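*Asks:* Got a predicted model here, sequence first, then my questions.
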Amino acid sequence: MGIGRFVYTPILPSMTQDLGMTKSAAGLLASANFAGYLTGALLAATPALRGARRRWLLLGVAVSAVTTGAMALPSSIVTLAALRFAGGMASAFVLIFASAVVLDRLSAVGRPDLAAVHFAGVGTGIAVSAVLVSAVVAWGGGWRALWLASGLVSLLALPAAAALIPDHIETGGAGPSPAAPGSRRLTAFAAAYGLFGFGYVITATFLVAIIRGSPAVRSLEALVWVVVGIAAVPSVALWTAIAEKIGIARAFALACATEAVGVAASVLWLAPAGVFLAAILLGGTIMGITALGLIGGRRLSTGDPRRTLAVMTAAFGLGQIIGPAFGGAVYDATGSFLAPSLTAAAALLTGAILVAGTARTSTF
């Protein structure tokens, strides 16, 4: 999933150059992926979706890998957008069903601390995709070779997941803390999660393009995305450890504020130190905030957590849809990512304030 969702960022500059795409078109392709993500999240929450969670999870992994590799074939924006939409749906299925399976199992055996290992998979995928892109480019591969190689590597996860996830998964244990669906805390948390989706995704989509367009740091293009991936791997363990000390709400707010600094640095400090700071703060918070949002949403839900996880993911997905389209359109109008990036930083700070407000009356 980390490869399928995030490899678009390092491939984007060469892809847009070869196809003559505007930044608006590039943003719309990213938004198509996130529209699929939103659709998948809503579908995963419907009672009509029957069958074992393991089956839907493995199907999502397979579709994500196939649609990633298939991006190498067409040149039509419409076809590319359709593939990204399907890949987005698959990503939502993977995240929701994998999280439901893993978090339930960890709750049943009294090891919620191991959730960090589960969520670190996405960061690992980002790091793998960064190294893969650098290697293929070094061997002279173009953007089509990059998509094909990414799809093939993603496909390796399918037999591993099938072998490691048993057919029958025990559930049980204490279950999530009781809270009425639609409570004020859950509403605020979901809104903040949507603002996070908008706030991170502009930089996550266009960071490599920003660097390529800046002569002072252009030579760091490949390395910066590797740094994002490396920083992402331990981020969940870091932020869940912080949450254990100060509570999920305060940790979520602190992580959003930290990410806002990185997002702002990506356009305000276009020097080596600035872009590496942006990469570390972006990579070091994306999956941490994602994990805190899903873990927190589960604790605020009752019964089957799938619906609450899907609602949280849908809010996140809506923010992601708006972000790239907005960023690309503003760039085409102004020639700069300054305004959209600072708007994104403001959204992250707003989300931090929303969630911090819930922490004043709760240890959550």
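*Replies:* In hand now; what should we look at?

*Asks:* all contacts plus neighbour counts: C-alpha atoms, from now on.
*Replies:* Noted.

*Asks:* outside of stretch 234-247, which residues touch it?
*Replies:* Residues outside stretch 234-247 that contact it (CA atoms under 8 Å, 6 or more residues apart in numbering): 113, 116-117, 119-120, 123, 248-252, 255, 283-289, 291-292, 359, 363-364.

*Asks:* Now do it, average pLDDT.
*Replies:* The average pLDDT for stretch 234-247 rounds to 89.

*Asks:* in this structure, which ranges drop under the pLDDT threshold?
*Replies:* For the chain, applying pLDDT under 70 flags the ranges 167-182, 301-306, 359-364.

*Asks:* hmm, try it at 80
*Replies:* Along the chain, segments meeting pLDDT under 80 span 44-52, 103, 112-113, 119, 166-185, 222, 294-295, 297-311, 313-314, 357-364.

*Asks:* longest helix anywhere in it?
*Replies:* For the chain, the helix with the greatest residue count under DSSP state H is helix 77-108.

*Asks:* If any of the contacts of stretch 234-247 are buried, give me the ChimeraX selection for them.
*Replies:* Command for ChimeraX, covering only those of the contacts of stretch 234-247 found buried under the criterion 16 or more other CA atoms under 10 Å:
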select :116,119,120,123,248,249,250,251,252,255,283,284,285,286,287,288,289,291,292,359,364
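
*Asks:* so what does the following helix or strand past the longest helix of the chain touch, helix or strand wise?
*Replies:* Downstream of helix 77-108, the first helix or strand assigned by DSSP states H and E is helix 115-138. Packing partners of helix 115-138 (3 or more CA pairs under 8 Å, 6 or more residues apart in numbering; DSSP states H and E): helix 2-6, helix 8-19, helix 77-108, helix 143-155, helix 221-232, helix 235-246, helix 272-299.

*Asks:* rerun that using 6 Å as the cut-off
*Replies:* helix 2-6, helix 221-232 (3 or more CA pairs under 6 Å, 6 or more residues apart in numbering; DSSP states H and E).

*Asks:* Save those helices as TSV, and put in mean neighbour count too.
*Replies:* Shown next, in TSV, are these (neighbours: other CA atoms under 10 Å):
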stretch	mean neighbour count
helix 2-6	24
helix 221-232	23
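
*Asks:* so which of these gets nearest F276?
*Replies:* helix 221-232 (6.3 Å; CA to CA).

*Asks:* so that closest one versus helix 115-138, what angle?
*Replies:* Helix 221-232 runs at 170 degrees relative to helix 115-138, counting by axes from the mean of the first three to the mean of the last three CA atoms, to 10 degrees.

*Asks:* what's the angle between helix 221-232 and helix 272-299?
*Replies:* 40 degrees.

*Asks:* So what touches helix 221-232?
*Replies:* Helix 221-232 is contacted by residues G123, I126, A127, A130, V208, I211, A279, I280, G283, G284 when judged by CA atoms under 6 Å, 6 or more residues apart in numbering.

*Asks:* Between the residues you listed, which sits nearest L80?
*Replies:* V208 (20.0 Å).

*Asks:* Distance of that closest one relative to P10?
*Replies:* Counting by CA to CA, to the nearest Å, the separation of V208 from P10 is 6 Å.

*Asks:* just G262 next, same as before
*Replies:* Note on G262: its distance to P10, by CA to CA, is 18 Å.
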